[in-house]
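Asker: take this sequence and fold it.
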Amino acid sequence: MANIPESLEFLKQVLLPSRVFFLIHLLLLPQPGQVNSEEVTVIGPGEPILAHVGEEVEFSCHLSPYQDAEHMEIRWFRSLASDVVHLYPEPQELWAQQMSQFQNRTRLVTDEIADGSVNLYLRGVLPSDEGPYGCSFLSDGFSGEAIWELEVADVFLPGTSPWKRAFLGALVAVLLLVALLTLLATRYLRRQRRFQAKVKKQADKERGKLAAQLEKLQTELEWRRAEGQAEWRTARQYAVDITLDPATAHPSLEVSKDGKSVSSRRQGTPNPGIACDPSRFSEQTCVLSHERFPSGRHYWEVHVGSRSRWFLGACLDSVARSGHARLSPARGYWVMGLWNGCEYFVLDPHRVALPLRVPPRRVGIFLDCEAGKLSFFNVSDGSHLFTFHDTFSGALCAYFRPRAHDGGEHPDPLTIVSSWPAGGTWAPQEQDSDTWVQPCETPDASLGQ
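Answerer: Predicted structure coming up:
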């Protein structure tokens, strides 16, 4: 066929007249609508087409070699030719032939149909669209088709199935809930951190205040201790030598021969060596000093050792002779005591506890008659214990009350210290851990007697 024009040209020039050439030329030219089916083929997508759910996919088909397909029937179908996806030209009864799955979803582009090329677009791809597709060209003298595969990705995403829509809704709800919980947790953690930071700042501030107060109290305590030690050293300048008066001792007490110590007798033990005057005291188990102090300043020390119960101080000579038994300043008694080895106190007039850092093994007592003061000192560390402030209406004498025998292993006597080393210092012979301590009990009514 490619050499026919040259042959015709040769015949025209050499053998045939012009009219004969024209007739032969018309016979040999292909007539409209006629193609040689043995040489023309339908070309479709060369490979499977991959589309995602919801996308628009293109099906492209053309004739090779290019031929005018405007007057041909062009059909897109699924597995069978009867499963119509789209049909050209579109007859009025297309809706009856087109599969319901593809209605209102196809769009045909015929801009190049004169060259035998057409494009069909399928929008809103569904998982159910996956499978084989084909397109066919049909005319009076030709028919041909091409087949390909459509593959759909994300087939588990929701399509038209109700359960898939429900799954998507549930998934979205879960994601929103997780996002909300994350937001709430973040806010909570931020508030928690701010709150903790605020609490820490407040705690640091309070800790700083407490540290400052503690430092202030420590400084004041050291100052008071130093002041107390200075006062104690001053008081020791007025030391006097006193002795106990056996005639004032209760029958249950035993006074040493030198008049420097007193202790409680065990129950049932007589005291034949002391002629006690019953008129001097009522039922008080105490003993007074020989010395009377109507005026001036006087200091004496008493070694209490590890004894767990005792009273020390001073009393008016007149109340001692009158037999009053209540130990209070209002009755003429200014005393300090220890109960069961664990509670130091004074009667002013009610009991006032004295918290002590170091338990005293020796107690210093300082009387300033004109100033109206009776002070107690812990000679173990030189600290001030307590001071009574009052007006003394007569002469005072030293007061000793070892209390009844407490049943302990260390019934130390109350001993008057006559002398001490120069320089105003003294170190106790016992260690603090040697203190004999009984379980504390509630003092009975005789505590103030």
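Asker: so what strands line up beside the host helix or strand of Leu312?
Answerer: Using DSSP states H and E, Leu312 falls within strand 310-316. When sheet partners are counted by DSSP bridges, strand 310-316 sits next to strand 333-339 (antiparallel), strand 396-401 (antiparallel).
Asker: quickly, which of those bottoms out on average pLDDT?
Answerer: Here the lowest mean pLDDT among those goes to strand 333-339, at a mean of 91.
Asker: using PDB, write out every CA atom in it.
Answerer: Only the C-alpha atoms of strand 333-339 are listed here, as PDB (Å, rounded to 0.1, in the frame of the first residue of the first chain):
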ATOM      1  CA  TYR A 333       8.000  29.000 151.200                       C
ATOM      2  CA  TRP A 334      10.200  29.600 148.000                       C
ATOM      3  CA  VAL A 335      11.200  26.100 146.800                       C
ATOM      4  CA  MET A 336      12.300  24.200 143.700                       C
ATOM      5  CA  GLY A 337      11.800  20.500 143.400                       C
ATOM      6  CA  LEU A 338      12.400  17.300 141.300                       C
ATOM      7  CA  TRP A 339       9.700  14.600 141.000                       C
END
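Asker: can you start the count at 37 instead of 1 from here on
Answerer: Sure thing, new numbering starts at 37, so read that last one as strand 369-375.
Asker: now stretch 138-155: buried residues?
Answerer: Burial within stretch 138-155, assessed by neighbour count using 16 or more other Cβ atoms under 10 Å, is assigned to 138, 141-142, 144, 149, 152-155. Glycine gets a C-beta too; all of them are placed from N, C-alpha and C.
Asker: quick check: the farthest pair among those?
Answerer: The distance between the two most remote of the buried residues of stretch 138-155 (Cβ to Cβ) is 25.0 Å, for Arg141 and Gly152.
Asker: distance between the strand holding Leu348 and the chain's centre?
Answerer: 57 Å (Cα atoms, centre = their mean, to the nearest Å).
Asker: give me the mean pLDDT for it.
Answerer: 93.
Asker: using PDB, list the CA coordinates for that strand.
Answerer: Below are the C-alpha coordinates for strand 346-352, written out as PDB (Å, rounded to 0.1, in the frame of the first residue of the first chain):
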ATOM      1  CA  TRP A 346      13.900  16.500 146.500                       C
ATOM      2  CA  PHE A 347      12.900  20.100 147.500                       C
ATOM      3  CA  LEU A 348      15.400  22.900 148.100                       C
ATOM      4  CA  GLY A 349      15.000  26.600 148.800                       C
ATOM      5  CA  ALA A 350      14.200  28.900 151.700                       C
ATOM      6  CA  CYS A 351      11.400  29.700 154.000                       C
ATOM      7  CA  LEU A 352      10.500  32.300 156.600                       C
END
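Asker: of the buried residues of stretch 138-155, just say which sits nearest to Leu86.
Answerer: Comparing the buried residues of stretch 138-155 against Leu86 with Cβ to Cβ places Asn155 closest, at 17.5 Å.
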